[in-house]
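# Sequence first, then the predicted structure, then my questions.
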Amino acid sequence: MAIKTVWIEEGCIMCNACDAECPDVFLVTDTTCMIKADVREDGQESENRDEKSLLKAEHRDSLADGIKAAASGCPVEVIKYEE
Ligand code: SF4
């Protein structure tokens, strides 16, 4: 199923697993994990926790498997999404 939005809850330990799994969506920095601007309707780069910006329509299907894999592989379960 397509994913409408994805965000990062507090508690990321910067392990880089999501970045390796789905680099089109996730960017791990020194302090947290960001949802990349390119895939977001609002064009911002942040954890998307407050904004809950939607993914651009053209990415919702194509990135769904990668986002789900990243979420299930996150060791602290902070990657959340809505289908
Ligand atoms: S997999 Fe989870 S803990 Fe690891 S960098 Fe990504 S969001 Fe952070």
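Thanks, I have the structure now. Residues are numbered from 1 along each chain as shown.
# May I see the buried residues of the helix or strand containing K80?
K80 is part of strand 79-82 when elements are defined by DSSP states H and E. For strand 79-82, a neighbour-count test (16 or more other CB atoms under 10 Å) marks 79, 81 as buried. No exception for glycine: its C-beta is placed from N, CA and C like everyone else's.
# One more: stretch 67-78?
So for stretch 67-78, counting by 16+ other CB under 10 Å, buried means 67-68, 70-71, 74, 78.
# Break down this protein into its strands, ranges please.
For the chain, the strands defined by DSSP state E cover 5-8, 26-28, 33-35, 79-82.
# average model confidence for the last one?
Just to be clear, that refers to strand 79-82. On average, the pLDDT along strand 79-82 is 98.
# can you list the residues of this structure near the ligand?
8, 12-18, 26, 28, 33, 74-76, 78-79 (CB under 6 Å from any ligand atom).
# so which of those residues would you say is closest to N48?
N48 has its nearest neighbour among these in I8, at 6.9 Å by CB to CB.
# Test my guess that that closest one contacts E47.
Yes - at 4.1 Å, I8 and E47 qualify as touching, with contact defined as CB atoms under 8 Å.
# got any residues that touch both of the two?
32-35 (CB atoms under 8 Å, 6 or more residues apart in numbering).
# ok so, going back, pick the one among the buried residues of stretch 67-78 closest to the ligand.
Among the buried residues of stretch 67-78, C74 lies closest to the ligand (CB to the nearest ligand atom), at 3.3 Å.
# Contacts only, for that closest one.
15, 17-18.
# now do A37
43-45.
# Would you mind telling me which of I8 and E47 has more residues around it?
I8 (21 against 16; other CB atoms under 10 Å).
# Now do the same contact list for G43.
A37.
# ok, now how distant is it from the ligand?
21 Å (CB to the nearest ligand atom, to the nearest Å).
# do A57 as well
From A57 to the ligand the distance is 24 Å (CB to the nearest ligand atom).
# Right, I'll call it a day here.
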